[in-house]
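*Asks:* Compute the structure for the input listed below.
(2 chains)
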Number of protein chains: 2
Amino acid sequence: MKTQKISSAVIRRLPRYYRNLVDLSKEGVERISSRALGESMNLTASQIRQDLSCFGEFGQQGYGYNVESLRKEIADILGMSRGHTAVLLGAGKLGRALMENFQFNQIGFKLTAAFDINPELIGQQISGVTIYSVDELEQYLAGNPTSVGVLTVPRDTALSMAQRLVDSRVKGIWNFTNSELNFKDSSVIVENVHFADSLLTLSYLISEEP
Amino acid sequence: MKTQKISSAVIRRLPRYYRNLVDLSKEGVERISSRALGESMNLTASQIRQDLSCFGEFGQQGYGYNVESLRKEIADILGMSRGHTAVLLGAGKLGRALMENFQFNQIGFKLTAAFDINPELIGQQISGVTIYSVDELEQYLAGNPTSVGVLTVPRDTALSMAQRLVDSRVKGIWNFTNSELNFKDSSVIVENVHFADSLLTLSYLISEEP
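*Replies:* Reported below is the predicted structural model:
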């Protein structure tokens, strides 16, 4: 499928394509032109065509894209059919909000376990996922190779917990801790959700106005 | 302060500079070279110098940057001293997690009110912030001009609630709803926190590995 090195900007747009195609599919739309898809995503038709050409031949001139088959192709490209698994570290408020509300399975992930240090939480189930003691982390990951660690621990333990995930050979860390995680000697991939950075970017942009 | 058009990549790095400088300041570091700052941020020294040169003359050759004054300058550039205010729409699990855990004041925002439709929530206070009926939104915003609406409502009401924020002339929307919000006829700025997009990007990147 992957025929060339894809720029990170294109990679970041892929989930948006996926999301828009899911919506179109639900609305019963069967095919769509690059122009119409572009309008709904605030992109130009040529940008759409260029982005999607990175991954192969999808559209047909004069026909546009078949919504459902493009959706499936992008799901595959995004790795949604790889059977990715995840564990969550830190079942505090944010961790629990993710466990209760985030539909891991809708994007091809299975959340298999959570870990915390709070004895009151250990043994509880949230959305069918058991919370274990963090002391059991290494043993669990050794027995259950896991794609991604979701890091929702407090900031002061972020680095040490991330290191334990890396040592247990997760492939990726989904980092909510507001800490910079750099593992230069590891192939682990860190994806950050920095709330404060996001709101500060908005702060900058609205402060530009007169 | 702003002397030229700043690229969006630089803008997105500014909060990371700020975060790193806060950490350095807490650690008691008084000055830092662009090389050392770069190492902690996974950037090259020349990239650091180039980024910061967009905003004026900060460092001194052979001395580096004064950590605390650079931190203050970047805080100003980010609009942290503008007295920005925010209201939150949708005090469900995610909304409450933000109200309880996210330190709006640490980045120059004051969260002044929350709104929900659930009668059981209306009148409650979370972290000192009162939850009002969403029926009172327009009246509140008319009396209390507000910089940013934090949108944590369910996806099916995202668009209508966002429109009400736009009509009440907020400057920015911090969008957690996983919906595309396009307001082409408005100057409102939308900053998205799309959890699913973020995890899908990670899914793509870990799926590339053999």
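*Asks:* Check which helices and strands whatever helix or strand A:Ile11 lives in is in contact with.
*Replies:* In the assignment (DSSP states H and E), A:Ile11 maps to helix A:8-26. Under the contact criterion of 3 or more CB pairs under 8 Å, 6 or more residues apart in numbering or on different chains; DSSP states H and E, helix A:8-26 touches helix A:34-41, helix A:45-53, helix A:67-77, helix B:195-208. Bear in mind the C-beta positions are built from the backbone N, C-alpha and C, glycine included.
*Asks:* Please export the C-alpha coordinates of the longest one as PDB.
*Replies:* C-alpha atoms of helix B:195-208 as PDB (Å, rounded to 0.1, in the frame of the first residue of the first chain):
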ATOM      1  CA  PHE B 195      -8.500  12.400  20.800                       C
ATOM      2  CA  ALA B 196      -9.400   9.900  18.100                       C
ATOM      3  CA  ASP B 197      -7.300  11.700  15.400                       C
ATOM      4  CA  SER B 198      -4.300  11.700  17.800                       C
ATOM      5  CA  LEU B 199      -4.600   7.900  18.600                       C
ATOM      6  CA  LEU B 200      -5.100   7.100  14.900                       C
ATOM      7  CA  THR B 201      -1.900   9.000  14.000                       C
ATOM      8  CA  LEU B 202      -0.100   6.900  16.600                       C
ATOM      9  CA  SER B 203      -1.800   3.800  15.200                       C
ATOM     10  CA  TYR B 204      -0.500   4.700  11.700                       C
ATOM     11  CA  LEU B 205       3.000   5.300  13.000                       C
ATOM     12  CA  ILE B 206       3.300   2.100  15.000                       C
ATOM     13  CA  SER B 207       1.800   0.100  12.100                       C
ATOM     14  CA  GLU B 208       4.600   1.200   9.800                       C
END
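*Asks:* quick one: secondary structure of A:Leu165?
*Replies:* Using DSSP: H, G, I helix; E, B strand; the rest coil, the structure places A:Leu165 in helix.
*Asks:* what about A:Ala113, neighbour count?
*Replies:* By other CB atoms under 10 Å in any protein chain shown, 19 other residues sit near A:Ala113.
*Asks:* most tightly surrounded among the helices and strands packed on helix A:8-26?
*Replies:* Highest mean neighbour count among the helices and strands packed on helix A:8-26 (mean count of other CB atoms under 10 Å in any protein chain shown): helix B:195-208, with a mean of 21.
*Asks:* what inclination does that helix have with respect to helix A:8-26?
*Replies:* Orientation check (axes from the mean of the first three to the mean of the last three CA atoms, to 10 degrees): helix B:195-208 against helix A:8-26 gives 120 degrees.
*Asks:* ok now helix B:195-208, how far from the chain's centre?
*Replies:* 22 Å (CA atoms, centre = their mean, to the nearest Å).
*Asks:* ok, then the element right after the helix holding A:Ile11?
*Replies:* Note on helix A:8-26: by DSSP H and E, the next helix or strand toward the C-terminus is strand A:31-32.
*Asks:* quick one: that following strand near chain B?
*Replies:* No. Contact of strand A:31-32 with chain B (CB under 8 Å from any CB of the partner chain) is absent, the minimum separation being 14.7 Å.
*Asks:* That strand packs against which elements?
*Replies:* Helices and strands touching strand A:31-32, as assessed by 3+ CB pairs under 8 Å, 6+ apart, comprise strand A:65-66.
*Asks:* same for the strand it packs on, what does it pack against?
*Replies:* Helices and strands in packing contact with strand A:65-66 are listed as strand A:31-32; criterion 3+ CB pairs under 8 Å, 6+ apart.
*Asks:* Pull the residues that contact the strand it packs on.
*Replies:* Outside strand A:31-32, the residues that touch it by CB atoms under 8 Å, 6 or more residues apart in numbering or on different chains are A:Leu24, A:Tyr63, A:Gly64, A:Tyr65, A:Asn66, A:Val67.
*Asks:* what bits of chain A have low per-residue confidence?
*Replies:* Low-confidence segments of chain A (pLDDT under 70): A:1-4, A:56, A:59, A:209-210.
*Asks:* mind checking the longest strand of it?
*Replies:* strand A:109-116 (DSSP state E).
*Asks:* between that one and helix B:195-208, how many degrees?
*Replies:* Orientation of strand A:109-116 against helix B:195-208 (the same axes, to 10 degrees) gives an angle of 100 degrees.
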